[in-house]
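Chemist: return a 3D structure for these sequence lines:
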Amino acid sequence: MIPKVAGWKKDSVSELTEIFSSDGVVAVIDVSGVPAKNMIDMRKTLRERMSITMAKKSLMRIAWNEAGRSPDGIEILLDGADQPCVVHSDSMNAFEIFGELEKTRQGRAAKAGETFPDDVTIPAGPTEFGPGPIVGEFNAVGIPAKIDKGKVAIQKATTFSKGEEISADLGIMLSKLGVNPIEIGLILTGAIEEGHIFSSSDLDLDTDGLRNDILSATSGAFNLACNVRWLSSTTLPTLLSKASSESLSVAMEAEIINEKTATAILSSARTRALSLAGQLDSSALDEELLAAIGAASQSAEVAVSEATKSEESEDGSSNEEEEEEEEAEFGGLGDLFG
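Modeler: Numbers count the residues shown, from 1 in each chain. Sure thing, here's the model as predicted:
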């Protein structure tokens, strides 16, 4: 006699098969230890970006096979999931899903019989509690305490080691101190996107560090390309500008007169002539030359005065200018990538 399969199981397999056959990213998360209220809040927060479907591992395996997926794939996704759920999103990639799920991690109070997942240290110092039986309660669970200046104070830092079992009383006292050592959350154990399977460690990237590394590498590559005069659509404007500037400097030094250098060379010659004339006795100079020297002297005094005022104002705005320069540099790197 063929055993009758419960209707809810058929419905669950049908729903899972549809998810496993659809486009987008499919992931498995572990929700063990998450209280019902926290689970409801987390699902509500994520509802618009991803769906979360609870099911038994056996039903997931059946649906996975019916969807035509590789049998090994579901085992990789389920590895490490004690109480699994299936996550699906067609608007986010696997890395974005991992990042959103990581935000659900939070601590909760320890229960009797649980163990510390990591070392936990209770620092020495005053607490918010007034004198009373609580002093004895702290001492009873191995946290030395006494009354100090009208408040309960922890006498010395106390460390509980990873793997150490937590008693009911210790869990209560830790909770009173605001210490919630048991971490809960929607922990991603694996994801599949476009046929590629990712473990949680594959998706745990330091995106800010990666971005900075890319910017640094881009800047270094651009500088190297410019130094070796590697011509490309990116480096050509900079190289042409540098070549133009250097050729103009050479032409100025060699006093080659053309439409670009004539004004600067004549201005420089006039400045040197006035400087030499200023060293002569005024009786040897005509009125026009004396007037020119006087005008140059006044201009120099005004320039010095304005420079002094500018330096004073620049002291107050140097930080703003540095920030603007940094933003301009990042803009340039962004333009480099289009």
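Chemist: residue 65 contacts residue 71, correct?
Modeler: Yes: if you go by Cβ atoms under 8 Å, residue 65 and residue 71 touch, sitting 6.6 Å apart. Backbone N, C-alpha and C define where each C-beta goes, glycine included.
Chemist: now do the helices in this protein.
Modeler: Applying DSSP state H to the chain gives helices spanning 7-21, 36-46, 57-66, 71-78, 94-102, 134-140, 168-176, 200-203, 207-227, 236-253, 262-278, 287-336.
Chemist: what is the neighbour count of the residue nearest to residue 112 when sequence neighbours are not counted?
Modeler: The shortest distance from residue 112 to any residue other than its chain neighbours is 3.7 Å, reached at residue 168 (Cβ to Cβ, 6 or more residues apart in numbering). Residues lying near residue 168 (other Cβ atoms under 10 Å) number 11.
Chemist: next, find the distance separating residue 168 from residue 141.
Modeler: From residue 168 across to residue 141, the span is 10 Å (Cβ to Cβ, to the nearest Å).
Chemist: residues contacting the spatially most central residue of the chain?
Modeler: Central residue of the chain (Cα atoms, centre = their mean): residue 208, 3.2 Å from the mean position. Under the criterion of Cβ atoms under 8 Å, 6 or more residues apart in numbering, residue 208 has no neighbours.
Chemist: can you check residue 143 too?
Modeler: Residue 143 touches 122, 154, 158, 173, counting by Cβ under 8 Å, 6+ apart.
Chemist: what is the neighbour count of the third one?
Modeler: Residues within reach of residue 158, counting by other Cβ under 10 Å, total 17.
Chemist: surely it touches residue 121?
Modeler: Yes: using Cβ under 8 Å, residue 158 is in contact with residue 121, at 7.0 Å.
Chemist: identify the contacts common to those two.
Modeler: By Cβ under 8 Å, 6+ apart, no residue touches both residue 158 and residue 121.
Chemist: from what I can see residue 55 touches residue 11, true?
Modeler: No: between residue 55 and residue 11 there is no contact under Cβ under 8 Å: 10.4 Å.
Chemist: just send the helices of the chain back as JSON lines, with mean pLDDT and distance to residue 188 too.
Modeler: What follows is the helices of the chain, written out as JSON lines (pLDDT from 0 to 100; distance: least, Cβ to Cβ, whole Å):
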{"stretch": "helix 7-21", "mean pLDDT": "91", "distance to residue 188": "16"}
{"stretch": "helix 36-46", "mean pLDDT": "90", "distance to residue 188": "12"}
{"stretch": "helix 57-66", "mean pLDDT": "93", "distance to residue 188": "15"}
{"stretch": "helix 71-78", "mean pLDDT": "90", "distance to residue 188": "9"}
{"stretch": "helix 94-102", "mean pLDDT": "93", "distance to residue 188": "5"}
{"stretch": "helix 134-140", "mean pLDDT": "93", "distance to residue 188": "38"}
{"stretch": "helix 168-176", "mean pLDDT": "93", "distance to residue 188": "28"}
{"stretch": "helix 200-203", "mean pLDDT": "88", "distance to residue 188": "5"}
{"stretch": "helix 207-227", "mean pLDDT": "89", "distance to residue 188": "16"}
{"stretch": "helix 236-253", "mean pLDDT": "85", "distance to residue 188": "44"}
{"stretch": "helix 262-278", "mean pLDDT": "74", "distance to residue 188": "65"}
{"stretch": "helix 287-336", "mean pLDDT": "55", "distance to residue 188": "31"}
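Chemist: out of these, the one nearest residue 114 is which?
Modeler: Closest approach to residue 114 among the helices of the chain (Cβ to Cβ): helix 168-176, 7.6 Å.
Chemist: please compute how far that closest one lies from its chain's middle.
Modeler: With Cα atoms, centre = their mean, to the nearest Å as the basis, helix 168-176 stands 35 Å off its chain's centre.
Chemist: how is the chain carved up into domains?
Modeler: As given by automatic domain parsing, the domain ranges for the chain are 7-105+185-204, 120-178, 209-315+325-336.
Chemist: out of those, deepest packed?
Modeler: Of these, the one with the most neighbours on average (mean count of other Cβ atoms under 10 Å) is domain 7-105+185-204, at a mean of 17.
Chemist: quick one: terminal-to-terminal distance for it?
Modeler: 39 Å (Cα to Cα, to the nearest Å).
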